[in-house]
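S.K.: Pasting the sequence and the predicted coordinates here, then a few questions.
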Amino acid sequence: MTEVQLFTEKSHRSAELTLRFLAAPTDVLLAGSHGVGGGRVLEWIDKAAYACAVQWSGTYCVTAYVGHIHFTRPIPSGHMVEVRSRIAMTGRSSMHIVNEVFSADPREGIFTRACDCLVIFVAKDTETGKTVKVPDFIPKNAEEERVREAALSRIELRQAIETEMLEQTYDGESHAPRLITRFLAKPSDVNWGGKVHGGTAMEWIDEAGAACTMEWSGEHTVAVYAGGIRFYRPIAIGDLIEVDARMMRTDSRSMQMSVHVRSGAPRGGRDELKDAIHATVSYIAVDDDNNPLPARHFEPVTEEDKRLAEHATTLRKLRAKYSPQPLITPGLPRHLS
């Protein structure tokens, strides 16, 4: 079979995929909370987007980037959940996938949106590890063309944010609230390529960020936005994992966190760990009725803390400056069918 024939056949693959399941009690991060933790929702998204990417490319894929994550409301345990993923655009080996998470009380059957985000997957050859060309995605209607243009409008913003994040250092003197956890990557964390599942790593990020902000605020906290999760290198089963959550700034309600995931062979010790993932996530404190609470103020003292606080402000300014087109068109709730 020639390459042209192969890509022609693959071009008939569906560009959309929907997972449907019940949110379980074990999906809730903390007893007494109002819904599923943000990290678990991101794990669901990563699995759906992975399936969509593999379905389109016909080969193994890895998570490269997760961004523009909006958590609009909690998902209660027992709700019927739908995770809808669809191709927005393709590059040579990359697939930009729009994801929406809906949920409904099965007794009522009315689905409403709880979260949405963009995920970029890259197709890989499992034997060589090299990237693989994917079939081109060609929009077939006005809505698909609109989503493609919206995805294109985010490329410049994503590059600007990545450049800004790479310029920062995190090894100077700091008095910022911080939480560091270390553990070994378990066999149950494995994905279909033999590495740690991207969704599992995102759950680690949310757990560390939530724990740090709860310790600082003295309240229950929830993730409300993540500006970007960048994957730099795969994590192997058995690696020593370090998740380092550090507060950058606070405003009247939110707490902006920088979270690094580092990994390496356990025998090398902490000094041999390398950056695997970096994320910025915003949290808010909520009361027992899930109403937002004022954030406890963090005042940067050291030079590095002041610089990172300004960095967090710069990230916000960049998002306002570029103002990418919305990927999601708000829709009316629909009934369970």
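M.R.: In hand now; what should we look at?

S.K.: Not counting sequence-adjacent ones, nearest residue to the residue nearest the centre of the chain?
M.R.: The chain has Val66 as the residue nearest its centroid, 4.3 Å off, counting by Cα atoms, centre = their mean. Distance criterion Cβ to Cβ, 6 or more residues apart in numbering; nearest residue to Val66, sequence neighbours excluded, is Ile229 at 4.2 Å. (Each C-beta comes from the backbone N, C-alpha and C, glycine too.)

S.K.: which element is that neighbour on?
M.R.: Taking DSSP states H and E as the definition, one finds Ile229 inside strand 220-231.

S.K.: and what of Arg246?
M.R.: Using DSSP H and E, Arg246 sits within strand 240-250.

S.K.: Check which element follows that strand along the chain.
M.R.: strand 254-264.

S.K.: What mean pLDDT does that following strand get?
M.R.: If you average the pLDDT over strand 254-264, you get 97.

S.K.: tell me what the following helix or strand past that strand is packed against?
M.R.: The element immediately downstream of strand 254-264 (helix or strand, assigned by DSSP H and E) is strand 274-286. Where contact means 3 or more Cβ pairs under 8 Å, 6 or more residues apart in numbering; DSSP states H and E, strand 274-286 is packed against helix 198-217, strand 220-231, strand 254-264, strand 292-293.

S.K.: neighbours around Arg270, how many?
M.R.: 12 (other Cβ atoms under 10 Å).

S.K.: and it, how far is that from Lys124?
M.R.: To Lys124, Arg270 is 29 Å away according to Cβ to Cβ, to the nearest Å.

S.K.: likewise Val301?
M.R.: Taken as Cβ to Cβ, the span from Val301 to Lys124 is 44 Å.

S.K.: neighbour count winner among these two?
M.R.: Neighbours were counted for Val301 and for Lys124 using other Cβ under 10 Å; Lys124 has more, 19 against 12.

S.K.: May I have the secondary structure class of Ala312?
M.R.: Under DSSP: H, G, I helix; E, B strand; the rest coil, the three-state class of Ala312 is helix.

S.K.: thinking again about what came up before, name the helix or strand for the residue nearest to the centre of the chain, please.
M.R.: strand 61-71.

S.K.: between that strand and strand 274-286, how big is the angle?
M.R.: 20 degrees (axes from the mean of the first three to the mean of the last three Cα atoms, to 10 degrees).

S.K.: Can I get strand 61-71 as PDB, trimmed to CA atoms?
M.R.: Output of strand 61-71 as PDB, limited to C-alpha atoms (Å, rounded to 0.1, in the frame of the first residue of the first chain):
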ATOM      1  CA  CYS A  61       0.100   9.500  20.100                       C
ATOM      2  CA  VAL A  62       1.500  11.500  23.000                       C
ATOM      3  CA  THR A  63       0.200  14.600  24.800                       C
ATOM      4  CA  ALA A  64       2.200  17.700  23.900                       C
ATOM      5  CA  TYR A  65       0.100  20.500  25.300                       C
ATOM      6  CA  VAL A  66      -3.100  21.100  27.200                       C
ATOM      7  CA  GLY A  67      -4.400  24.700  27.400                       C
ATOM      8  CA  HIS A  68      -7.200  27.200  27.900                       C
ATOM      9  CA  ILE A  69      -8.800  25.000  30.500                       C
ATOM     10  CA  HIS A  70     -12.000  26.500  31.900                       C
ATOM     11  CA  PHE A  71     -13.700  24.700  34.800                       C
END
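
S.K.: could I get the helix or strand following it in PDB with only the CA atoms?
M.R.: The C-terminal neighbour of strand 61-71 among helices and strands, as given by DSSP H and E, is strand 80-90. C-alpha atoms of strand 80-90 as PDB (Å, rounded to 0.1, in the frame of the first residue of the first chain):
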ATOM      1  CA  MET A  80     -23.700  10.900  33.700                       C
ATOM      2  CA  VAL A  81     -20.600  12.400  32.000                       C
ATOM      3  CA  GLU A  82     -20.000  13.000  28.400                       C
ATOM      4  CA  VAL A  83     -16.500  14.000  27.100                       C
ATOM      5  CA  ARG A  84     -16.700  15.100  23.500                       C
ATOM      6  CA  SER A  85     -13.500  15.500  21.500                       C
ATOM      7  CA  ARG A  86     -13.100  16.600  17.900                       C
ATOM      8  CA  ILE A  87     -10.200  17.500  15.600                       C
ATOM      9  CA  ALA A  88      -9.900  21.300  15.100                       C
ATOM     10  CA  MET A  89      -6.800  21.300  12.900                       C
ATOM     11  CA  THR A  90      -3.700  19.300  12.000                       C
END
